[in-house]
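K.L.:
here are the coordinates; sequence isn't available:
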Ligand code: SAH
Ligand code: SF4
């Protein structure tokens, strides 16, 4: 399927206003969209900007969900808001906590679909791994999500909603009237778009959601604390630099087109050279320091010394960090994790060439929360091992 994978996805996202005249969800609206919605409800144009500011602060700074609690708005205005709008988040269906503190949330979105969200606490930071799609249209042969048929793109509200849910669970909203830093260092300090889905195939919603997350009057996470990971949707990379400006990670995983075609089939559409050309431009366009190259270590597939040397040659001139990810197994996976000595040797070659080459410690493995293990329980239309092997030529 990958060779004819569509360049863009015309997936429908659910409408903001329900056809039966249901309420519009304010969560996920950009400032401009919220202003338009308030004016459409009868707010005088002159007041609209101020009302957006007030609502924005309640919703995104203090995490308030009830119009009735928004005490700086007149009572009748609150009642009017209540009539037309709602402030709703996806629902947490279950929460698993790993022995290492990692939390995995199963989250239900409209239509009954489910996505997974993972919170990873570390000593100096707390990272939330969020999803951008239900499933993924791409079929990377080592990825569990890739075996799940895509159901749909998430809306901007469902994407920012994952961040808000996690802040609820971490009890991290400042009390109304107080500032963000008042509770000390943030528990949720970083976001990675490395959950389910290809974020650059749902560009507009991801952009709108990240703009909300970065807005200084609300959740206020800096663009340097957000990392978007792509499998290599080349035409969208420059757009991401210009319109989001976050950090970029790329699922690189191979050093020849032959191997990358099998592991990351989107490579058949945009090969290594085209991908690297786009990445070379990224730091300048986004004014960010370096690109993260993700490299999953697969035994006897992409883990030789020659691979390590080819890798450093390929990325020459690109400010980069190489994240080596020990392969996380999932039932039916057609690969094995490289031996530890092999991973260390690979890391050493990359390191000696002058690049940071951390080996990512698998987190939350006991709850299937590690990279590439995400796949919601209700959507287990799993391909068989034989089917995957046939598609990837690893039989
Ligand atoms: N679709 C995007 C973002 C989600 S995947 C992308 O592909 O970049 C997040 C990261 O986990 C990617 O680097 C992906 O290649 C990696 N990954 C997927 N399956 C994995 C597995 N089984 N073990 C280790 N890493 C995996
Ligand atoms: Fe999709 Fe990323 Fe998994 Fe590839 S690695 S199938 S792009 S989620």
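P.N.:
That came through fine. As the structure is a prediction and not an experimental result, all values here were calculated from the model. Ligands and ions are numbered 1, 2, ... in the order given.
K.L.:
Find the nearest non-adjacent residue to the residue in the stretch 151-300 of the chain that ligand 2 sits nearest to, please.
P.N.:
Residue nearest to ligand 2 within the stretch 151-300 of the chain (C-beta to the nearest ligand atom): residue 231, separated by 3.7 Å. Glycine gets a C-beta too; all of them are placed from N, C-alpha and C. Spatial nearest neighbour of residue 231, excluding adjacent residues (C-beta to C-beta, 6 or more residues apart in numbering): residue 251 at 4.7 Å.
K.L.:
Please state the backbone phi and psi of that neighbour?
P.N.:
Dihedral angles of residue 251 (phi, psi; degrees, to the nearest 10) stand at phi -80, psi 90.
K.L.:
Show me what it bridges to in the sheet.
P.N.:
Judged by DSSP bridges, the bridge partners of residue 251 are residue 294.
K.L.:
I figured it hits residue 230, correct?
P.N.:
Yes. At 7.0 Å, residue 251 counts as touching residue 230 under the criterion of C-beta atoms under 8 Å.
K.L.:
Alongside ligand 1, which residues does this protein contribute?
P.N.:
Residues of the chain lying near ligand 1 by C-beta under 6 Å from any ligand atom: 142-144, 194, 198, 229-231, 251, 294, 296, 325, 327-328, 371-372.
K.L.:
Show me the shaky parts of the stretch 101-250 of the chain.
P.N.:
By pLDDT under 70, the weakly predicted segments of the stretch 101-250 of the chain are 150, 180-184.
K.L.:
where along it do the strands fall?
P.N.:
All strands of the stretch 101-250 of the chain, identified by DSSP state E, counting those that start in this stretch, fall at 103-108, 114-121, 126-129, 133-134, 152-153, 190-193, 226-230, 247-251.
K.L.:
Just send these back as a markdown table, with mean neighbour count too.
P.N.:
A markdown table is the format used below for the strands of the stretch 101-250 of the chain (neighbours: other C-beta atoms under 10 Å):
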| stretch | mean neighbour count |
| --- | --- |
| strand 103-108 | 21 |
| strand 114-121 | 24 |
| strand 126-129 | 23 |
| strand 133-134 | 26 |
| strand 152-153 | 22 |
| strand 190-193 | 23 |
| strand 226-230 | 22 |
| strand 247-251 | 23 |
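K.L.:
In TSV, list the ones you listed along with distance to residue 301.
P.N.:
Listed next are the strands of the stretch 101-250 of the chain as TSV, based on distance: least, C-beta to C-beta, whole Å:
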stretch	distance to residue 301
strand 103-108	27
strand 114-121	25
strand 126-129	24
strand 133-134	26
strand 152-153	31
strand 190-193	24
strand 226-230	20
strand 247-251	14
